[in-house]
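Enquirer: Have a look at this prediction, sequence included:
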Amino acid sequence: MGPIFDYLFRRFIDSLIDSAVARLVQDEYTENLAELLTTAQKVSPRVLLETVLRAEKGRPLTRPFGSPVILSAWEKILLNPVQTFRLPTDEGIKIDTSVTIGPLAKRPLQLEIPLLIAGMSYGGALSLRAKVALAKAATQTGTATNTGEAPLIKEEREAARFLIGQYNRGGWLKEEEDLSQLDAIEIQVGQGAQGSVPIVTRATNIDADFRRAFGLGEDEDAVIHARLPGIERPRDLQRLIVRLRRDFEVPVGVKLAASHHLEKELNFLLEEEVDFITIDGAEGGTHGGPTTLQDDLGLPTLPALIRAANFLERKGLKGKTSLIITGGLTTPGHFLKALALGADAFYVGTVAILALIHRQAVRALPWEPPTSLVLYSGKRKLDLDEQRATQSLGNFINSCRQEMEQVVISLGKTSFHALDRQDLVMMDRDIAAAAGIDYGYYPPERQREIFQTGETRPRSLCEEDLRPLESAPAEPVRGENGPTH
């Protein structure tokens, strides 16, 4: 029976494929299923999917983890190892990985590593188990976690050795009793994935635990406003900064969505001497933000970092006002490049959640997405093993730290904060000019010449490019942080 069945099955499949191929090569495009291939090439599978979802739902889409559009060219930046004229760091020397946030604050925030857990709120985004696991992993690895746009949660505060709290647009973390329990206060005026638009969680989607934590009435929506409550004019924000810095000893900073108005925003904030500034680039993640806000709003993380670091340096505030960068940073290489470009620390969100879930994703698959294990609204949130999640994220952070230390040894440095732009080389000429990084197709002594010509468009290498300059200086002409352009 077996061989007969096998034979008939093969004949059936062969006939089916023959018929399908015949139709594929004979039917006109208007009658051909292959039109889906050309359609997908024109609009991409993602746009095709989101188009039909919009047609089905008739309301704005919300997409988890932020935009898939990545415009920061981290992979075109490379790190420069040393071997002969300067030696790599001896492996017996301990690499200093520490960072101080808000060094001029009365009580600076001192951490063992510059990798911080991004603000992902309880209730609005994550479950209590996920938030506690994030806090415990941060404690194990000597870093801080962030409340996100939520109230101060007792379980998170107890699990976190260092907790940064967001004075948020929902108005849920503004009482003195709660603020006094924080290790840093981050005034959240915007985020990379959503700008500063109002976000509403309807009362019908809020359960008793959420309502109790947020202090909401039975039929009251949870609203994150476009503006901070009580801020009616720009000067009100400056007064808030002054009051918080006066009343609390911990660092007080502001989180901004990166935009082309960046320098104006920074200049406004620095008038009141904030202790730190968090810049959230357009590649920043979110638990479920509107797709157009994710894809088409703001400034990518890399140019935002370059411009913010340059601005602080011009103002003489490097080393005084801490710069935290976030938005789409996913690998130890990204982290090191961000530090070399001028960031003091960085937040990770999406990759932290992916590491947190780790092998537990199989508990949700194939019928639910892995995020159902960590989202407050997730159907499988009670299946998350908090202890395993803590260990997985801790392993990820420790792995990143060790890889970063290995690279720093190869660069001949002894600390993360010793990295600078001379440790980088750029394979894109325009970005090299903007960032103050050497362009990799020319040796250091040619950098000043090629950028002083005013040319910004890449040109092909020719014999002239390969000949040494007769008047080349004996030593590269450089600024403090890279080539002088």
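Expert: Received it, and whenever you're ready, just let me know what you need.
Enquirer: Just the pLDDT for the residue most central in space within the chain.
Expert: Geometric centre of the chain, nearest residue: Gly327, 2.3 Å, by C-alpha atoms, centre = their mean. We have a pLDDT of 92 for Gly327.
Enquirer: ok, now Gly195?
Expert: At Gly195, pLDDT is 67.
Enquirer: again, but for Leu8
Expert: Looking at Leu8, its pLDDT is 75.
Enquirer: That one looks like it's in a helix, true?
Expert: Yes: applying DSSP: H, G, I helix; E, B strand; the rest coil, one finds Leu8 inside a helix.
Enquirer: Quick check: it vs Ile93, distance?
Expert: Here the criterion is C-beta to C-beta, to the nearest Å. By it, Leu8 lies 72 Å from Ile93. (Each C-beta comes from the backbone N, C-alpha and C, glycine too.)
Enquirer: go on, Leu305?
Expert: 28 Å.
Enquirer: Between those two, tell me which one has more neighbours.
Expert: Leu305 (27 against 10; other C-beta atoms under 10 Å).
Enquirer: Now do the contacts for the more buried one.
Expert: Contact partners of Leu305, counting by C-beta atoms under 8 Å, 6 or more residues apart in numbering, are 279, 281, 323, 325, 338, 341-343.
Enquirer: Need the phi and psi values for Tyr122.
Expert: Per-residue torsions, Tyr122: phi -70, psi 140 (degrees, to the nearest 10).
Enquirer: Using the three-state scheme, assign Val200.
Expert: Secondary structure state of Val200, per three-state DSSP, is strand.
Enquirer: how about it, what does it touch?
Expert: Counting by C-beta under 8 Å, 6+ apart, Val200 makes contact with 221-224.
Enquirer: Beta-bridge partners for it, please?
Expert: With DSSP bridges applied, Val200 shows beta-bridge pairing to Val223.
Enquirer: and the residue lying closest to Leu373 once chain neighbours are set aside, how many residues sit next to it?
Expert: Distances taken as C-beta to C-beta, 6 or more residues apart in numbering place Leu384 nearest to Leu373, at 4.6 Å, with adjacent residues excluded. Residues near Leu384, counting by other C-beta under 10 Å, number 22.
Enquirer: Then Leu182?
Expert: With other C-beta under 10 Å as criterion, Leu182 counts 24.
Enquirer: same check, this time on the one 5 residues further on
Expert: The local packing count at Ile187 equals 22, with neighbours defined by other C-beta under 10 Å.
Enquirer: residues in contact with Phe276?
Expert: Counting by C-beta under 8 Å, 6+ apart, Phe276 has contacts 101-102, 184, 186, 251-253, 321-324, 344.
Enquirer: And the buried ones among those residues, selectable in PyMOL?
Expert: Written as a PyMOL command, the selection of buried residues from those, which uses 16 or more other C-beta atoms under 10 Å, is:
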select buried, resi 101+102+184+186+251+252+253+321+322+323+324+344
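Enquirer: The helix or strand where Gln402 lies - contacts with which helices or strands?
Expert: Element membership for Gln402 (DSSP states H and E) is helix 386-410. Helix 386-410 makes packing contacts with strand 115-117, helix 128-141, helix 332-340, helix 350-357 when contacts are defined by 3 or more C-beta pairs under 8 Å, 6 or more residues apart in numbering; DSSP states H and E.
Enquirer: Which of those sits closest to Leu79?
Expert: Among those, the nearest to Leu79 by C-beta to C-beta is helix 332-340 (6.3 Å).
Enquirer: How far away from the center of its chain is the closest one?
Expert: Relative to the mean C-alpha coordinate of its chain, helix 332-340 is positioned 12 Å out (C-alpha atoms, centre = their mean, to the nearest Å).
Enquirer: could you dump that helix to PDB, C-alpha only?
Expert: Presented in PDB, the C-alpha positions along helix 332-340 are these (Å, rounded to 0.1, in the frame of the first residue of the first chain):
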ATOM      1  CA  PRO A 332      28.300  46.200  21.000                       C
ATOM      2  CA  GLY A 333      29.800  47.800  17.800                       C
ATOM      3  CA  HIS A 334      27.000  50.400  17.800                       C
ATOM      4  CA  PHE A 335      27.600  51.100  21.500                       C
ATOM      5  CA  LEU A 336      31.300  51.700  21.100                       C
ATOM      6  CA  LYS A 337      30.800  54.000  18.100                       C
ATOM      7  CA  ALA A 338      28.300  56.000  20.000                       C
ATOM      8  CA  LEU A 339      30.700  56.500  22.900                       C
ATOM      9  CA  ALA A 340      33.500  57.400  20.500                       C
END
